[in-house]
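Engineer: No sequence on hand, only this structure:
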């Protein structure tokens, strides 16, 4: 199989999705990525509408090679949250433009596609067809939160969302704490913003007092903050969690 | 305690450390980060020499606010690889400039500081002193490799380096494969570039034929490539591993 000339390019997006006030694109994305976004004519997107909004911001920095209306933007079938992305419908048709020589951009609503976000199945389809995959540098709330936490960055895991059921959630939190202690591994999780406060409360209920808990909110935004403290300290001095900005929760048990 | 005006800023570096040929800084770093780097007068660095080289590249895009010679660049005491970073000497003195109102930049030789790199202990010291920590977006080889792999990005772990001893290494590989199968979790590891070939050989020896293995080399560089395949396919069609560029290895057991 000869490698076809088109590539699948994983395009980072900003982290201000659903947040009031947009960041300046050049604050968080490399000019190199913005330039590539401006020339791509074929897109596969988590959401076509937010992709068009992204491309308007790109156009303000580097004029688009073709007008927005002329671009092909195809939406990715979205798997339910938390499922393994391996058993999806055949996505090879979405890779077709690459076989005809066009680079394809893959983009999600925020951050890196295929990381805590849909897209991995499309990347698999590209590999299966021998299409080169190129990931471009950009903001990732998980890695920024990990760096800002000061917790162990030599061994860490991201486990996605916790169960919503209170009993299952408590069990899962204690399981992650035990795993963190055994492996010396930072455990990271996320939550739908309006449930941030509830997840923090559950963590403070179920974690031991000497476990380190770090919470990062609104990373890359003006209101960004990170707090790292022992659970006992969090309980003594509580922090108000914003319900409208994304948060990342990281824990490390001693 | 009132929050002092100085912040600890986690500055991303490029991924071309130790590689022939430098990437254009604007290809991989946001202009916002470059602008902040140009105005910082206080740095804590994994390596002072590579930090000066980085700042020369910054200066070519955004002129430095002060000449290179006038900047304070302090080296971080480096813990041995693979150790937990919790029990280091007191790093609070390095945070002093923030208490006097200066923003401090923390930078490593490549990628994000405090992620698969030293720096977490300094971040902890900042939190302990009530100094705000701000992580800036930039390239991370782990996340770029994960995105480009097409493996599970909803649950993944980075485990650092594997043991060098052949028997221990084999045991660890089978342990990571079992963990990946049980938790449906992608497992990521890295190796010193000159041992890339040896790690690939060990993975192909110890992993089951149906485990997915992804290898990314030289990410963000012109020679970047990613291959994702079942172990049986890797054995049938081997890939030559470069010994001079960093690689990330990711596995997912079915």
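Structural biologist: Here it is on my side, so go on. Just so it is clear, the model here is predicted, and its values are computed rather than measured.
Engineer: Show me where the stretch 151-254 of chain A has its strands.
Structural biologist: A:156-158, A:186-190, A:212-217, A:225-230, A:247-252 (DSSP state E, counting those that start in this stretch).
Engineer: ditto for the stretch 1-150 of chain A
Structural biologist: According to DSSP E, counting those that start in this stretch, the strands that the stretch 1-150 of chain A contains are A:7-11, A:42-45, A:72-75, A:104-107, A:132-135.
Engineer: Tabulate the ones you listed (TSV), appending mean neighbour count.
Structural biologist: Every C-beta, even on glycine, is put in place using the N, C-alpha and C of the backbone. Shown next, in TSV, are the strands of the stretch 1-150 of chain A (neighbours: other C-beta atoms under 10 Å in any protein chain shown):
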stretch	mean neighbour count
strand A:7-11	24
strand A:42-45	23
strand A:72-75	15
strand A:104-107	26
strand A:132-135	24
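Engineer: Could you export those strands to JSON lines, including columns for distance to chain B and mean pLDDT?
Structural biologist: Output for the strands of the stretch 1-150 of chain A, formatted as JSON lines (distance: least, C-beta to the nearest C-beta, whole Å; pLDDT from 0 to 100):
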{"stretch": "strand A:7-11", "distance to chain B": "5", "mean pLDDT": "97"}
{"stretch": "strand A:42-45", "distance to chain B": "13", "mean pLDDT": "97"}
{"stretch": "strand A:72-75", "distance to chain B": "18", "mean pLDDT": "96"}
{"stretch": "strand A:104-107", "distance to chain B": "9", "mean pLDDT": "98"}
{"stretch": "strand A:132-135", "distance to chain B": "4", "mean pLDDT": "96"}
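Engineer: For residue A:238, which of those strands is the nearest?
Structural biologist: Across the strands of the stretch 1-150 of chain A, residue A:238 has its closest neighbour in strand A:104-107 (37.1 Å, C-beta to C-beta).
Engineer: Which elements pack onto that closest one?
Structural biologist: strand A:7-11, strand A:42-45, helix A:92-99 (3 or more C-beta pairs under 8 Å, 6 or more residues apart in numbering or on different chains; DSSP states H and E).
Engineer: I'd like the distance between the residue in the stretch 151-254 of chain A that chain B sits nearest to and residue A:12.
Structural biologist: As assessed by C-beta to the nearest C-beta, chain B sits closest to residue A:157 within the stretch 151-254 of chain A, at 3.6 Å. Residue A:157 sits 22 Å away from residue A:12, going by C-beta to C-beta, to the nearest Å.
Engineer: Look at those two and report which has more neighbours.
Structural biologist: Shown here are residue A:157 and residue A:12; by other C-beta atoms under 10 Å in any protein chain shown, residue A:12 has more neighbours (29 against 25).
Engineer: The nearest residue to the more buried one once chain neighbours are set aside - how many residues pack around it?
Structural biologist: Of all residues beyond its chain neighbours, the one nearest residue A:12 is residue A:138 (2.1 Å), with distances taken as C-beta to C-beta, 6 or more residues apart in numbering or on different chains. Here the count is done by other C-beta under 10 Å, and residue A:138 has 27 residues near it.
Engineer: again, but for residue A:100
Structural biologist: Counted with other C-beta under 10 Å, residue A:100 comes out at 10.
Engineer: For it, list the residues it contacts.
Structural biologist: In this structure, residue A:100 makes contact with residue A:6, judged by C-beta atoms under 8 Å, 6 or more residues apart in numbering or on different chains.
Engineer: State the phi and psi torsions of it.
Structural biologist: The phi and psi torsions at residue A:100 (degrees, to the nearest 10) take the values phi -100, psi 10.
Engineer: Any chance of the strands of the stretch 1-150 of chain A in a markdown table with distance to residue B:50 as columns?
Structural biologist: A markdown table is the format used below for these (distance: least, C-beta to C-beta, whole Å):
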| stretch | distance to residue B:50 |
| --- | --- |
| strand A:7-11 | 27 |
| strand A:42-45 | 37 |
| strand A:72-75 | 41 |
| strand A:104-107 | 33 |
| strand A:132-135 | 24 |
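Engineer: And the helices in the stretch 151-254 of chain A?
Structural biologist: Using DSSP state H, counting those that start in this stretch, the helices of the stretch 151-254 of chain A run over A:166-183, A:196-206, A:231-236.
Engineer: most packed of those helices?
Structural biologist: helix A:196-206 (a mean of 18; mean count of other C-beta atoms under 10 Å in any protein chain shown).
Engineer: in the stretch 1-150 of chain A, which spans are helices?
Structural biologist: With DSSP H, counting those that start in this stretch applied, the stretch 1-150 of chain A shows helices at A:25-28, A:31-39, A:48-61, A:92-99, A:120-128, A:141-149, listed in chain order.
Engineer: The fifth one packs against which elements?
Structural biologist: Using 3+ C-beta pairs under 8 Å, 6+ apart as the contact criterion, the elements in contact with helix A:120-128 are strand A:7-11, helix A:92-99, strand A:132-135, helix B:141-149, strand B:225-230.
Engineer: Is the second one in proximity to chain B?
Structural biologist: No: contact between helix A:92-99 and chain B is absent, the nearest approach being 11.7 Å (criterion: C-beta under 8 Å from any C-beta of the partner chain).
Engineer: what's the neighbour count on the nearest residue to residue A:156 once chain neighbours are set aside?
Structural biologist: The shortest distance from residue A:156 to any non-neighbouring residue, by C-beta to C-beta, 6+ apart, is to residue A:186 (3.9 Å). Burial measure for residue A:186: 27 neighbouring residues, criterion other C-beta under 10 Å.
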